[in-house]
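> sequence and computational prediction follow.
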Amino acid sequence: MPEIVCIGILVADFIASVVKKLPERGKLELVDNTSLFTGGCATNTAIALAKLGIDVETMGMVGDDIFGEYIIKELKDNKVGIKGVKKNKNKETSTTIVMVDPDGERRFIHNTGANGELRLSDIDWEIIKKTSIVHVAGSFLLPAFDGEECAQFLKESKNLGITTTLDTAWDSRGKWMDLLEDSLPYVDYFLPSYEEAVMLSGKKDEEEICNYFLNMGVGTVGLKMGSKGCLIKNKENKIHCPPLKVKAVDTTGAGDSWVAGFLTGLYKGWPLEKIGRFANSVGASCVQSIGASTGIKSYEETLEMLVRGE
């Protein structure tokens with residue numbers, strides 16, 4: 001029985017590191033390394049959860065192609081359940097070209113691919129009914145699911161007594177709150193990045209951002225703030241957890257890894273402060289290696305890292 005189900009985008013990442021400058025038109029620049037990794041919010045979060053010892057299932061859609069097979073194999077190899085992964089014969093697997101700057105920050109070129117075809121009708125409710133937490137991973141990159149269908153999914157999940165969580169991606173289409181507003185009243189834990197939360201709320205102060213979403217019906221906001229750590233807020237609590245001091249090699253998947261840490265603590269019933277500190281530790285593990293999931297440590301190693309503060 002899965003303890004957590006991650007629903008969302010499944011992606012093959014082509015990572016180029018380090019990109020010191022973008023080539024001019026018709027010209028070429030050299031990088032140190034190019035590699036293929038699994039990516040996408042649902043993939044990244046699910047693999048990190050599995051590495052942390054959580055029984056996790058993922059749901060999403062890939063193409064009937066070599067990249068789809070690659071993602072499925074990597075999920076299976078990392079002990080992530082794949083019963084909810086659908087294959088689409090008419091769309092290619094989603095891919096992202098990730099360009100890593102010298103400071104570890106990233107730029108993305110993304111092809112929605114099969115992720116764009118995922119719909120509410122693709123959800124396996126027999127799996128959902130057996131879980132404790134459902135996590136929607138990658139809102140704004142699921143055009144057929146975003147909006148009304150996502151809201152309906154979250155509503156039905158809550159009606160089943162399941163805890164609901166949601167994480168966003170950058171909305172290059174610029175629809176932002178138009179797509180998300182209907183879902184928020186059914187989200188127990190909303191886990192956006194600061195940059196995405198600014199675009200959604202129109203506010204820049206971290207506490208004002210959290211209050212905005214709480215007033216929209218969210219139960220608890222976990223705001224990912226990168227080098228500033230995280231802010232977790234609900235009607236009763238406001239907790240700031242400072243980041244761990246590590247050298248960032250590649251921040252790909254850092255937010256998804258943070259979410260995995262948050263969901264792990266949530267499943268274990270921890271207080272919010274411990275959840276935030278643990279989530280920061282998982283995110284810190286991620287950024288010390290190239291790839292979205294490569295650097296994730298075991299549950300025991302992550303706890304030791306948290307105690308050491310490194």
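Happy to help now that I have it. Just so we're clear, the structure is a prediction, and the values are computed from it rather than from any experiment. Numbers count the residues shown, from 1 in each chain.
> pLDDT weak spots in this protein?
By pLDDT under 70, the low-scoring segments of the chain are 309-310.
> which parts of it are helices?
41-51, 66-77, 125-128, 148-159, 177-180, 194-201, 206-215, 254-268, 272-286, 299-308 (DSSP state H).
> now do the first one against helix 299-308, angle only.
Note on geometry: by axes from the mean of the first three to the mean of the last three Cα atoms, to 10 degrees, helix 41-51 and helix 299-308 are set 90 degrees apart in direction.
> alpha carbons of helix 41-51, as PDB, please.
Output in PDB follows, covering the C-alpha atoms of helix 41-51 (Å, rounded to 0.1, in the frame of the first residue of the first chain):
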ATOM      1  CA  CYS A  41       8.400  17.200 -10.300                       C
ATOM      2  CA  ALA A  42       6.600  13.900  -9.800                       C
ATOM      3  CA  THR A  43       9.600  11.800 -10.800                       C
ATOM      4  CA  ASN A  44      12.000  13.800  -8.700                       C
ATOM      5  CA  THR A  45       9.800  13.900  -5.600                       C
ATOM      6  CA  ALA A  46       8.900  10.200  -5.800                       C
ATOM      7  CA  ILE A  47      12.500   9.100  -6.200                       C
ATOM      8  CA  ALA A  48      13.600  11.300  -3.300                       C
ATOM      9  CA  LEU A  49      10.800   9.900  -1.200                       C
ATOM     10  CA  ALA A  50      11.800   6.300  -2.000                       C
ATOM     11  CA  LYS A  51      15.400   7.000  -1.100                       C
END
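> just checking, what packs against that helix?
strand 4-8, strand 56-63, helix 66-77, strand 133-139, helix 254-268 (3 or more Cβ pairs under 8 Å, 6 or more residues apart in numbering; DSSP states H and E). Quick note: C-beta positions are derived from backbone N, CA and C, even for glycine.
> tell me which of the ones you listed sits nearest to residue 17.
Closest approach to residue 17 among the helices and strands packed on helix 41-51 (Cβ to Cβ): helix 254-268, 14.4 Å.
> who are the packing partners of that closest one?
Against helix 254-268 (3+ Cβ pairs under 8 Å, 6+ apart) you get helix 41-51, strand 133-139, strand 163-168, strand 220-224, helix 272-286.
> centre of the chain to the first one, how far?
In other words, helix 41-51. Here helix 41-51 is found 8 Å from its chain centre; the criterion is Cα atoms, centre = their mean, to the nearest Å.
> repeat that for the shortest one.
Centroid displacement of strand 220-224 relative to its chain, using Cα atoms, centre = their mean, is 13 Å.
> outside of it, which residues touch it?
Applying Cβ atoms under 8 Å, 6 or more residues apart in numbering, the contact partners of strand 220-224 are 188-194, 197, 206, 209-210, 213-214, 230-234, 255, 258, 262, 272, 276, 279, 283.
> okay, now residue 209: neighbour count?
Residues near residue 209, counting by other Cβ atoms under 10 Å, number 22.
> quick check, it in contact with residue 198.
Yes: the pair residue 209 and residue 198 passes the contact test of Cβ atoms under 8 Å, sitting 6.9 Å apart.
> now do the contacts for the residue nearest to residue 21 when sequence neighbours are not counted.
Of all residues not flanking residue 21 in the chain, residue 29 sits nearest, at 5.9 Å (Cβ to Cβ, 6 or more residues apart in numbering). Shown in contact with residue 29 (Cβ under 8 Å, 6+ apart): 19, 20, 21, 22, 23.
> in strands, which of those fall?
Per DSSP state E, strands hold no members of these.
> state the pair within those that is farthest apart.
20 and 23 (10.7 Å).
> quick one on the thing from earlier: which of the contacts of residue 29 sits closest to residue 131?
Lowest distance from residue 131 to these (Cβ to Cβ) belongs to residue 19, with 39.1 Å.
> pretty sure the closest one is touching residue 99, no?
Yes: in this structure residue 19 lies within contact range of residue 99 using Cβ under 8 Å: 4.2 Å.
> overlap of the contact sets of the two?
Each of residue 107 lies in contact with both residue 19 and residue 99 under the rule Cβ under 8 Å, 6+ apart.
> hmm, back to that, is it possible to mark the buried ones in the contacts of strand 220-224?
188-194, 197, 206, 209-210, 213-214, 230-234, 255, 258, 262, 272, 276, 279, 283 (16 or more other Cβ atoms under 10 Å).
> could you identify which of the helices and strands packed on helix 254-268 is most buried?
Burial of these is given as mean neighbour count (mean count of other Cβ atoms under 10 Å); helix 41-51 ranks first at a mean of 31.
> which outside residues touch it?
Residues outside helix 41-51 that contact it (Cβ under 8 Å, 6+ apart): 4, 6-11, 38, 56-60, 71, 74-75, 78-80, 135, 137-138, 141, 167, 169, 253, 256-257, 259-261, 263-264, 282, 286, 292-293, 296-298.
> nothing else from me, thank you.
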